[in-house]
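J.: I would like to see how this sequence folds:
(one chain, ligands or ions: 1)
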Amino acid sequence: MSIRLEHVNYVYSSGTAYEKHAVKDLNITIESGEFIGIIGHTGSGKSTLTQLLNGLIKATDGHIYYNDKSIYDKKFDMRQLRGQVGLVFQYPEHQLFETSIIRDVSFGPANMGLAKDEIEKRAKMALMQVGIGEDLFEASPFELSGGQRRRAAIAGVLAMEPSYLILDEPTAGLDPKGREEILELIRWLHETRHITVLLVSHSMEDVAEYVNRIIVMNHGQIAFDGVPKEVFKNYRELEKIGLAAPQVTYVMNQLKDNGFQVETDAVTVEEA
Ligand code: ADP
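T.: Numbering: from 1, shown residues only. Sure, this is the predicted structure:
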């Protein structure tokens, strides 16, 4: 199983004064089982990439293949793709709109046309997975804490039983405890539920500890793509493209703590 992007471009407001070439000639293959961090400064094209991946927006140019089938083929089942490639937007809790948590989480599977029993089973299981117990199933989203609301929103995507999970800045605006809960949940989903994860972040701290591959975006293009220790060796370039020095230092320390060999040159940065 894989998702493959070939020469993918996306232009917003084409032919107007506001035209914006948001992603340029992207070539990426995502293999099933990977845990990928996508990092880059604001406006580097991360959100556009996530929306392309689950078919929410269509590439202006280029091809995307899901399990070797072009998603732009007329015969391709886009609805199935949206279920298989779950997308958790930024601040997903803003999209909770039902009177109870369980109804909200049932929304996705209900849209897939599943039987009532199956919808209920999936919604309950998804809520349990994100650590929301039965006592809260009937609660209004407004009765939950910020971290719980975010997890409930993630459950809404998990209830569709996706093979791929894309999360756009999933820890934004949460306190340290909430952040850790979310990141541990994502790690658990990857390790035990074998979900392929794409974690979008502007923060290297978030991704460094968890992922096994990092894609760095810059001005709509891929600046680096590889295992974290290889990508972080380019710390000078990373700094230049807006990934701040303290973050680089943090990452270097993480790598050393985890037994990686860090280049002597990199240590200079740490001391600077
Ligand atoms: P990121 O997620 O890395 O912040 P985005 O994919 O949101 O980056 O944005 C990439 C570029 O496309 C930015 O220059 C942004 O201003 C522009 N852009 C994003 N969404 C729209 C839109 N709906 N209309 C016009 N331009 C957009």
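
J.: in the protein, which helix is the longest?
T.: As assigned by DSSP state H, the longest helix anywhere in the chain is helix 176-192.

J.: got the buried residues for that helix?
T.: Buried residues in helix 176-192, counted by 16 or more other CB atoms under 10 Å: 178-179, 181-183, 185-187, 189-190. Heads up, the C-betas are built off the backbone N, CA and C, glycines and all.

J.: what's that helix in contact with?
T.: 35, 129-131, 145-147, 150-151, 154, 158, 165, 167, 170-171, 174, 195-197, 199, 206, 209-210 (CB atoms under 8 Å, 6 or more residues apart in numbering).

J.: which of these fall within helices?
T.: Among these, the members found in helices (DSSP H) are 129, 146-147, 150-151, 154, 158, 206.

J.: of those residues, closest to residue 23?
T.: Checking these against residue 23 by CB to CB gives residue 206 as the nearest, at 21.6 Å.

J.: any stretches of the chain with poor pLDDT?
T.: 244-252, 254-255, 258, 260-272 (pLDDT under 70).

J.: what's the neighbour count on residue 231?
T.: Applying other CB atoms under 10 Å, we find 25 residues neighbouring residue 231.

J.: on that earlier part again, can you select the buried ones among the ones in helices among the contacts of helix 176-192 for me in PyMOL?
T.: Command for PyMOL that selects the buried part of the ones in helices among the contacts of helix 176-192, burial taken from 16+ other CB under 10 Å:
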select buried, resi 129+147+150+151+154+158+206
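
J.: from the ones in helices among the contacts of helix 176-192, which two are the most distant?
T.: 129 and 206 (20.5 Å).

J.: now do the contacts for the residue nearest in space to the middle of the chain.
T.: The C-alpha lying nearest the average C-alpha coordinate of the chain belongs to residue 167 (CA atoms, centre = their mean; 2.6 Å). Neighbouring residues of residue 167 by CB under 8 Å, 6+ apart: 88, 154, 186, 197-200.

J.: what's the spacing between residue 140 and residue 39?
T.: 35 Å (CB to CB, to the nearest Å).

J.: mind giving me the domain split of this structure?
T.: 2-226, 228-272 (automatic domain parsing).

J.: get me the contact residues on the stretch 151-272 of the chain for the ligand.
T.: Within the stretch 151-272 of the chain, no position is near the ligand by CB under 6 Å from any ligand atom.

J.: swap the cut-off to 8 Å and go again
T.: Residues of the stretch 151-272 of the chain lying close to the ligand (CB under 8 Å from any ligand atom) are 168, 200, 202, 217, 220.

J.: out of everything not next to it in sequence, what's closest to residue 100?
T.: Of all residues not flanking residue 100 in the chain, residue 138 sits nearest, at 4.9 Å (CB to CB, 6 or more residues apart in numbering).

J.: for the stretch 101-250 of the chain, which segments are assigned as strands?
T.: Along the stretch 101-250 of the chain, the stretches classed as strands by DSSP state E, counting those that start in this stretch are 164-168, 196-201, 213-218, 221-226.
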